[in-house]
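Visitor: For reference, the sequence and a predicted model appear below.
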Amino acid sequence: MTTLETHFDTIVPTLATKEDRKNLEVKLTGTIHHEVSTRTWRMITWMTAVIGLAFTGIFYIARYVPA
């Protein structure tokens, strides 16, 4: 029994409290929102460039390449 008490006495101080969990949740929510927003705009920019290049290639082929 004393072994269990000693084991619990060493583990309990390292456990997170409700306040620790709430602080982590707020921090992660802000970080995740920022990362998703950044990645979304990066993908929109990349897709716009790829589609623009594709249409430019199609226009060039349709206009200047003899059939």
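Guide: Noted; the coordinates are in hand. Since we're looking at a predicted model, the values are computed, not measured.
Visitor: what are the ranges of the helices in the chain?
Guide: 2-11, 18-64 (DSSP state H).
Visitor: Select from those helices the stretch with the lowest mean pLDDT.
Guide: Among these, helix 2-11 has the lowest mean pLDDT, at a mean of 83.
Visitor: a markdown table for the helices of the chain, including mean neighbour count?
Guide: Yep, even glycine has a C-beta here, placed from its N, CA and C like the rest. Formatted as a markdown table, those follow (neighbours: other Cβ atoms under 10 Å):
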| stretch | mean neighbour count |
| --- | --- |
| helix 2-11 | 9 |
| helix 18-64 | 10 |
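Visitor: show me what contacts Ala16?
Guide: When contacts are counted by Cβ atoms under 8 Å, 6 or more residues apart in numbering, Ala16 touches Leu24.
Visitor: Just want the phi and psi numbers for it.
Guide: phi -80, psi 150 (degrees, to the nearest 10).
Visitor: where's it relative to Asp9, distance?
Guide: Using Cβ to Cβ, to the nearest Å, we find Ala16 at a distance of 17 Å from Asp9.
Visitor: same check, this time on Ser37
Guide: 45 Å.
Visitor: now do Gly57
Guide: For Gly57, the distance to Asp9 - Cβ to Cβ - is 70 Å.
Visitor: And for Asp20?
Guide: Look at Asp20 and Asp9: by Cβ to Cβ, they are 19 Å apart.
Visitor: Could you do Ile61 as well?
Guide: Ile61 is 76 Å from Asp9, by Cβ to Cβ.
Visitor: just Lys27 next, same as before
Guide: From Lys27 over to Asp9 the distance is 29 Å, taken as Cβ to Cβ.
Visitor: what's the answer for Glu19, then?
Guide: 22 Å.
Visitor: cool, Ile51 as well?
Guide: 63 Å.
Visitor: cool, Asn23 as well?
Guide: 25 Å.
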